[in-house]
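1. below are the sequence and a predicted model; questions follow.
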Amino acid sequence: MSRLVVTNATAVLPTQVLSDATIVCEDGLIVEIDNARPSIAFEPNMIDARGALCIPGLVDSHSDGLERERFPRPGVDLGARFTVRSFEGRVRAAGITTMFHGIGFEEDEKYHRSMVLANEWTDELESYRASGRALVDHRILYRLDARDPDGFRCLVDRLPRRADDGTLPLVSFEDHTPGQGQYTDRTAFERYIIGTQGLSESDARARVDQLIAERDSLLANRDLALTWLVERATRGEIRLMAHDPATIEESDQAKAWNASIAEFPTTFEAAQRAKELGLRTVCGAPNVMRGRSHSGNVSARDLISERLCDGLASDYLPSTMLGAVAVLVHENVCDLPTAVALVTSGPAATVGLTDRGSIETGQRADLVIAEFDGPLAVVRHVLRGDEMIADADELMAVPA
């Protein structure tokens, strides 16, 4: 039996903070949580938290970080295999133990997305996950561009019926056409490409006009893909995300699709309506850190203060997950258990993982030892339950 003990911890439980806590883990699961004992006898696998916070391992439902890691400069491609392992180090150092990598099923040279890359990413992540050597529970968020016919065909080919643990595939249906969703105000997109592509205001307006015309010609592809996804969501074969809902009507539409998640709602009204309809809402951790959206949309802090956010996602920077927790507590937006839940049990419930996300007996022993310095967070230790089991099996193995 593999056993691990964390002592002298400030354990953040679902509804309270337990000082001087001892957490006992066996065979990858939490089996005991106690603060009644003044001390515990030394054991070989024991970690003295020295009063630091002990929280569940973070669950990230949406990360685009692999794309940024692989192509750090123009003309530089580090390859999928190296990139996954390189990025994994940053993910784990941020306290994230379960991550859904957003793989874009679309042709978009600007974001380094193509069918070739989508297949390559999927192959690498599936292979690494099956190897048993991964330091993070790597999973896939299948991101479908609504109007890309090649992306739709590729997604149909690659989408599994279920994950190896029985959970449903997570699919995000996205339409980034200027004038809707994240860029409902097209001028926000114009400002974005002025800054990233060095265009003049007139050139940016012309480029957006051209992009809208090009994407409007592909509207029939959107209807085809949506029909297919709605059928599968209705039959309970996928967990469908509505991406960037901007209005009450778009949240109503997401409900009609049998989507279960409203990801990155861009307005207070859209988020409020999504919650009224029973959809899980996901906001961006970088938005929390900055106190505002980079594209001028609703502040995630405001949604959290009104209990309209069920969980945070790193979006593009892993360290913002725990950083957002520190900021929320420091700014008195919510208490510590509520803030921690936004990066642990909240995202876990959103993606259908019931075995992790809280420090409770029977849950996976995915644990993070961390400290806060005002609005800043520092990770000291990261522990994963399945690593405990792997270590035990390794020790018990008899050489051939």
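-> Cool, got the structure.
2. which stretches of the stretch 251-400 of the chain form helices?
-> In the stretch 251-400 of the chain, the helices defined using DSSP state H, counting those that start in this stretch lie at 268-276, 285-290, 300-305, 320-330, 336-341, 345-351, 385-396.
3. nearest to residue 163, out of those?
-> Among the helices of the stretch 251-400 of the chain, the nearest to residue 163 by C-beta to C-beta is helix 345-351 (10.1 Å). Quick note: C-beta positions are derived from backbone N, CA and C, even for glycine.
4. by mean pLDDT, flag the weakest helix or strand of this structure.
-> Every helix and strand in the chain was compared by mean pLDDT, DSSP states H and E; the lowest is helix 385-396, with a mean of 61.
5. buried ones in the helix or strand that contains residue 221?
-> Assigned by DSSP states H and E, residue 221 belongs to helix 219-234. Of all the residues in helix 219-234, those buried under the rule 16 or more other C-beta atoms under 10 Å are 221, 222, 225, 226, 229, 230, 232, 233.
6. low-confidence regions, the stretch 51-200 of the chain specifically.
-> Scanning the stretch 51-200 of the chain for pLDDT under 70 picks out 177-185.
7. can you give me the strands for it?
-> Secondary structure of the stretch 51-200 of the chain (DSSP state E, counting those that start in this stretch): strands at 53-56, 58-63, 96-105, 137-145, 170-174.
8. output the third one as PDB - backbone C-alpha positions only.
-> Right, strand 96-105. Taking C-alpha atoms only, strand 96-105 is exported to PDB below (Å, rounded to 0.1, in the frame of the first residue of the first chain):
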ATOM      1  CA  ILE A  96      -2.400  22.400 -12.200                       C
ATOM      2  CA  THR A  97      -2.800  18.600 -12.100                       C
ATOM      3  CA  THR A  98      -5.500  18.200 -14.700                       C
ATOM      4  CA  MET A  99      -5.400  20.200 -17.900                       C
ATOM      5  CA  PHE A 100      -7.600  20.300 -21.000                       C
ATOM      6  CA  HIS A 101      -5.500  21.500 -23.900                       C
ATOM      7  CA  GLY A 102      -7.500  23.400 -26.500                       C
ATOM      8  CA  ILE A 103      -6.800  21.800 -29.900                       C
ATOM      9  CA  GLY A 104      -8.100  24.000 -32.700                       C
ATOM     10  CA  PHE A 105      -9.800  22.100 -35.600                       C
END
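9. what angle do that strand and strand 58-63 make?
-> Relative orientation of strand 96-105 versus strand 58-63 (axes from the mean of the first three to the mean of the last three C-alpha atoms, to 10 degrees): 10 degrees.
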